[in-house]
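In: Structure here, sequence nowhere to be found:
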């Protein structure tokens, strides 16, 4: 099942207080970037983030879910209605995320 544009726009609105949030459509789902780093995505109308230490610390009871068949598990963000929490979560995660890969020409 693909994610809806409505859910994408809802999550983008919840993240609107952060700067440099972008997304890329990918096979009916959406990859979410924060300052150029992949933080997670929207899969089947679920907001999932990479399970870095800061994310597991801020969401100790978060469920691990597969974004799609064959992928690595990610953390389900339950508290998507809380803009302040989402900002804190992404800011905490940013330093732990790998730098974007440089594309070869």
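Out: Alright, I've got the coordinates. Fair warning: this is a prediction, and the values are worked out from it, not measured in the lab.
In: residue nearest the centroid of this structure?
Out: residue 40 (2.9 Å; C-alpha atoms, centre = their mean).
In: residues contacting the nearest residue to that one once chain neighbours are set aside?
Out: Spatial nearest neighbour of residue 40, excluding adjacent residues (C-beta to C-beta, 6 or more residues apart in numbering): residue 49 at 3.5 Å. (C-beta placed from N, C-alpha, C; glycine too.) If a contact means C-beta atoms under 8 Å, 6 or more residues apart in numbering, then residue 49 has 39-40, 55, 74-75, 77, 89, 93 as its contacts.
In: Mind doing that once more with 6 Å?
Out: 39-40, 55, 75, 77 (C-beta atoms under 6 Å, 6 or more residues apart in numbering).
In: Wait, the residue nearest to the centre of the chain touches residue 48, no?
Out: Yes. Assessed by C-beta atoms under 6 Å, residue 40 is found in contact with residue 48 at 5.0 Å.
In: Overlap in contacts, these two.
Out: In contact with both residue 40 and residue 48: residue 74, using C-beta under 6 Å, 6+ apart.
In: Let's test this: mean pLDDT of the lengthiest helix in the chain, rounded?
Out: For the chain, the longest helix by residue count, based on DSSP state H, is helix 83-94. Averaging pLDDT along helix 83-94 yields 96.
In: per-residue pLDDT, the nearest residue to residue 78 once chain neighbours are set aside?
Out: Distance criterion C-beta to C-beta, 6+ apart; nearest residue to residue 78, sequence neighbours excluded, is residue 62 at 6.8 Å. pLDDT recorded at residue 62 is 95.
In: Which residues does stretch 80-99 contact?
Out: 14-15, 17-18, 34, 37, 39, 47, 52, 54-55, 58, 79.
In: Name the surrounding residues that touch the helix or strand containing the residue nearest to the centre of the chain.
Out: Element membership for residue 40 (DSSP states H and E) is strand 37-43. For strand 37-43, contacts defined as C-beta under 6 Å, 6+ apart pick out 3, 8, 29-32, 48-50, 67, 74, 90, 93, 97.
In: the inter-axis angle of it versus helix 83-94?
Out: Angular relation of strand 37-43 and helix 83-94 on a 0 to 180 degree scale: 130 degrees, by axes from the mean of the first three to the mean of the last three C-alpha atoms, to 10 degrees.
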